[in-house]
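**Q** Sequence and predicted model, in that order:
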Amino acid sequence: MAQGEHCSVSSNRDQEHQRQDAEIRETLSHIKNKILVMSGKGGVGKSSVAAYLAILLARKGLKVGLMDIDLHGPSIPRLLGLKEDIRAVSEKGKAEPIHFLPNLQVISIESLMGENKDMATIWRGPLKIGVIRQFISDIDWPDLDFLIIDSPPGTGDEPLTVAQTIPDAKAVIVTTPQEISLADVRKSINFCRHVNMSILGIVENMSGLVCPHCGKSIDLFSARGGQLTAKKENIPLLASLPIEPEFVRKGDSGRLADFTDENLAFVQEFNKMVEKITQASKTKAKEVSTAMEKQEDKSVQPKDRILFAVPVAGGKLSAHFGHCEQFALVETEGGKIKGKTMHTPPAHEPGVLPKWLHEKGAHIIIAGGMGTRAQQIFNENGIRVITGAPAGSPEELVSQYLSETLETGDNLCDH
């Protein structure tokens, strides 16, 4: 291919990517809360938890969407007994989710697999990424309170694509009590922290079996593993769900929505989890509302003011934020740079720089490399982290960010 032809193809690809990004932003703007249900390994009941979570949220009167993006093992249609394929919305030409319950709409990537649903999906990473992005951009969701996303197990291309495509999604991590599952859950936790995805909490599934004869709990897969992991990682434990044979039977027969026995310990514990999630979303909404009210106060800077922090060495981005000579604080307003000030940071100790930059009023830090623990501390201080940025002056990097042309690579810090 000639150089000119290559540039033309690359330009067309970039334009298509930008168009798709705009469609995704428009689609997701109608959704208040996005929850990615994930697990470190398969076989822990992740899809069942995702499906029943969506069902119970809908029964509370909330408007809910359930999206299955498991390319290799989509389970949602089978759990719910769905046999319909994707339909096109005539006026927009986009996919219309299936109305499953009065407040619940469902869509699965299985609809793209063709007529033979049992055929193995053998796709490489780049193709999977493109399919998921296309799938998300081509769905016409209405206004929703919650979108529940069932992701395949592990920390591969699919959950990474969701994290990058839906940056405000929050994770619910499903595990079982035994160590072999918990080891993979710790990887999922580190994955979320690495990509700056907030974690709503851990769900310990298959947490004992209640004997139908004596009523005692039998620990089939060890005990309290999820609870101990949650405590060690400082993450909420959303629920410890006991094994419930009737729940399994309903799912296998495609009638999970018919599982309604409020007397069962499983349902009672699941309802507690739903309450925790809805309360967490209300708290977040209240925080956003309070922030907007403060922004309306004339004594506070306008809401489109953003203060960027850029670690600098030799006038350009420092490879690692903790070893920089100075921090450039670049003030922007209305998408334009208004000014820059240089500041000498305090000694680099754990937690010091995030707190210092928070006190300076920084909203976003653009860095070359940063460890996962440091990223978490920045997030806890209300500062968004951009890693893998190229070498450049602070003004260049901020301008690229504002114009959505900042190209980030690998995080240069591996600890």
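**A** Ah, there it is.
**Q** buried residues in stretch 365-376?
**A** Across stretch 365-376, burial judged by 16 or more other CB atoms under 10 Å covers 365-372, 374-376. Just so you know, the C-beta spots here come from the backbone N, C-alpha and C atoms, and that holds for glycine as well.
**Q** now, which of the residues you listed lie within helices?
**A** Residues from the buried residues of stretch 365-376 lying in helices, with DSSP state H as the criterion: 372, 374-376.
**Q** before we move on, back to that, nearest to residue 20, of the buried residues of stretch 365-376?
**A** Nearest to residue 20 among the buried residues of stretch 365-376: residue 366, at 24.2 Å, using CB to CB.
**Q** ok, now which ones touch the closest one?
**A** Residues near residue 366 by CB atoms under 8 Å, 6 or more residues apart in numbering: 308-310, 317, 386, 389, 394, 397-398, 401, 406.
**Q** one more time with 7 Å, if that's ok
**A** Taking CB atoms under 7 Å, 6 or more residues apart in numbering, we find residue 366 in contact with 308, 310, 386, 389, 397, 401.
**Q** The fourth one is in contact with residue 367, isn't it?
**A** Yes. With contact defined as CB atoms under 7 Å, residue 389 reaches residue 367; the gap is 6.4 Å.
**Q** Using CSV, write out every CA atom in stretch 194-211.
**A** The C-alpha atoms that make up stretch 194-211 are tabulated as CSV, following Å, rounded to 0.1, in the frame of the first residue of the first chain:
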residue,chain,number,x,y,z
HIS,A,194,-5.3,0.0,37.5
VAL,A,195,-8.0,1.2,35.1
ASN,A,196,-9.5,3.6,37.7
MET,A,197,-12.8,1.8,38.0
SER,A,198,-14.7,2.2,41.2
ILE,A,199,-15.7,-1.0,43.0
LEU,A,200,-19.1,-1.1,44.6
GLY,A,201,-18.3,-4.3,46.5
ILE,A,202,-17.8,-8.0,46.5
VAL,A,203,-20.5,-10.7,46.3
GLU,A,204,-19.6,-14.0,48.0
ASN,A,205,-21.7,-16.5,46.1
MET,A,206,-22.2,-20.2,47.1
SER,A,207,-21.6,-19.2,50.7
GLY,A,208,-22.7,-22.4,52.3
LEU,A,209,-25.7,-24.7,51.9
VAL,A,210,-28.6,-24.6,54.3
CYS,A,211,-29.5,-28.2,55.2
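**Q** quick one: secondary structure of the closest residue to residue 104 other than its chain neighbours?
**A** Counting by CB to CB, 6 or more residues apart in numbering, the nearest residue to residue 104 once its immediate chain neighbours are dropped is residue 58, at 3.8 Å. Three states are possible here, and by DSSP: H, G, I helix; E, B strand; the rest coil the one that applies to residue 58 is helix.
**Q** Could you do the one 4 residues further on as well?
**A** With three-state DSSP as the basis, the three-state label of residue 62 is coil.
**Q** That one and residue 167, how far apart?
**A** Residue 62 sits 22 Å away from residue 167, going by CB to CB, to the nearest Å.
**Q** Who has more neighbours out of these two?
**A** A count of neighbours by other CB atoms under 10 Å puts residue 62 above the other of residue 62 and residue 167, at 19 against 13.
**Q** List the contacts of the more buried one.
**A** For residue 62, the contacting residues are 103, 145-146, taking CB under 7 Å, 6+ apart as the criterion.
**Q** Return the residue spatially closest to the most centrally placed residue in the chain, with its sequence-adjacent residues excluded.
**A** Within the chain, the residue whose C-alpha comes closest to the C-alpha centroid is residue 169; the distance, by CA atoms, centre = their mean, is 3.3 Å. Leaving out its chain neighbours, the residue that sits closest to residue 169 by CB to CB, 6+ apart is residue 34, at 4.1 Å.
**Q** Let me know the helix or strand that that neighbour is in.
**A** Assigned by DSSP states H and E, residue 34 falls within strand 31-39.
**Q** Export that strand to CSV, keeping only CA atoms.
**A** Taking Å, rounded to 0.1, in the frame of the first residue of the first chain, the C-alpha atoms of strand 31-39 are listed here in CSV:
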residue,chain,number,x,y,z
ILE,A,31,-28.2,6.1,31.9
LYS,A,32,-27.7,7.2,35.5
ASN,A,33,-25.8,4.2,36.9
LYS,A,34,-23.7,1.6,35.0
ILE,A,35,-22.6,-1.5,36.9
LEU,A,36,-20.1,-4.0,35.4
VAL,A,37,-20.6,-7.5,37.0
MET,A,38,-17.3,-9.3,36.8
SER,A,39,-15.4,-12.2,38.2
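**Q** residues making contact with it?
**A** Among residues not part of strand 31-39, those counted as contacts by CB under 7 Å, 6+ apart are 46, 49-50, 141, 144-151, 153, 159, 162, 166, 168-175, 188, 200, 281.
**Q** rerun at 6 Å
**A** Strand 31-39 is contacted from outside by 46, 50, 144-151, 153, 159, 162, 166, 169-174, 188, 281, using CB atoms under 6 Å, 6 or more residues apart in numbering.
**Q** With stretch 231-248 instead?
**A** When contacts are defined by CB under 6 Å, 6+ apart, stretch 231-248 is touched by residues 189, 199, 201-210, 227, 230, 259, 265-266, 269, 273, 276.
**Q** what about 7 Å?
**A** For stretch 231-248, with CB under 7 Å, 6+ apart as the criterion, the contacting residues are 172, 189, 199-210, 217, 220, 226-227, 230, 259, 264-266, 269-270, 272-273, 276.
**Q** all helices for this structure, in order.
**A** Chain-ordered helices for the chain, with DSSP H as the definition, fall at 3-28, 46-59, 76-80, 125-137, 157-165, 179-194, 225-233, 245-252, 265-296, 352-360, 372-380, 394-402.
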